[in-house]
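> Let me see the structure of the following:
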Amino acid sequence: MKTKFKKAIQYKVNGMTLIELLLVLALIGILLSMAVPKLMPLIGRTKSLEAQMQLKHLLNLQKNFFYINSKYTTNLDDLGYEQSKLVTQDGKANYKIEIVEASNKSFVAKAISVTDFDQDGQLNVWQVNQDEEIKEITKD
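Numbering: from 1, shown residues only. Alright, predicted model coming up:
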């Protein structure tokens with residue numbers, strides 16, 4: 001009987017204790033809690049690229065419409081622009097595109113975020129006009 005017990009001791013596997021495992025998890029949690037706030041502005045800037053790209057596309061559609069009709073339009077359907085499904089509607093788009101004003105000589109379109117990226121109560125808004133000026137109106 002003693003020989004079986006000695007053999008069992010010889011095959012003992014060294015591993016981590018529960019306390020060591022909890023300490024490692026706690027350290028990882030602390031490091032992540034320090035990194036996430038620094039990454040939030042980067043996430044917001046990345047999402048704002050979507051707005052800029054959509055506004056550039058809308059600008060090109062408005063230019064084409066202007067060359068044909070000698071005026072700008074407020075109707076997205078006239079341009080052939082189809083709004084992607086928003087994240088609030090189980091889609092992937094973060095910005096709602098709308099044409100604020102249009103005339104024979106000018107237009108203004110906006111991209112308004114549908115979610116608050118950094119939870120500060122402000123929605124991100126970008127704007128484009130006929131002079132190809134794409135600018136951020138409200139920062140998030």
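> Do you know the pLDDT at Tyr95?
Note on Tyr95: pLDDT of 94.
> That one: neighbouring residues, count only.
For Tyr95, the neighbour count with other C-beta atoms under 10 Å is 27. For the C-beta atoms, the positions are set from N, CA and C on the backbone; glycine is no exception.
> how much space between it and Asn75?
Tyr95 sits 19 Å away from Asn75, going by C-beta to C-beta, to the nearest Å.
> likewise Lys96?
Lys96 sits 15 Å away from Asn75, going by C-beta to C-beta.
> So for those two, which sits in the more crowded spot?
Legend: neighbour count by other C-beta under 10 Å for Lys96 and Asn75, higher for Lys96 (17 against 10).
> Would you confirm that the more buried one belongs to a helix?
No: assigned with DSSP: H, G, I helix; E, B strand; the rest coil, Lys96 falls outside any helix and is strand.
> any idea how far the residue lying closest to it once chain neighbours are set aside is from Asn94?
Nearest residue to Lys96 in three dimensions, chain neighbours excluded: Ile112, at 5.2 Å (C-beta to C-beta, 6 or more residues apart in numbering). Using C-beta to C-beta, Ile112 is found at 10 Å from Asn94.
> Report all helices and strands that the top helix by length along the chain contacts.
Ranked by residue count and defined by DSSP state H, the top helix of the chain is helix 18-69. Secondary-structure packing of helix 18-69 (3 or more C-beta pairs under 8 Å, 6 or more residues apart in numbering; DSSP states H and E): helix 76-79, strand 95-102, strand 107-113, strand 125-129.
> Of the ones you listed, which stretch is the most buried?
strand 107-113 (a mean of 22; mean count of other C-beta atoms under 10 Å).
> Now do that strand: which elements does it pack against?
Counting contacts by 3+ C-beta pairs under 8 Å, 6+ apart, strand 107-113 packs against helix 18-69, strand 95-102, strand 125-129.
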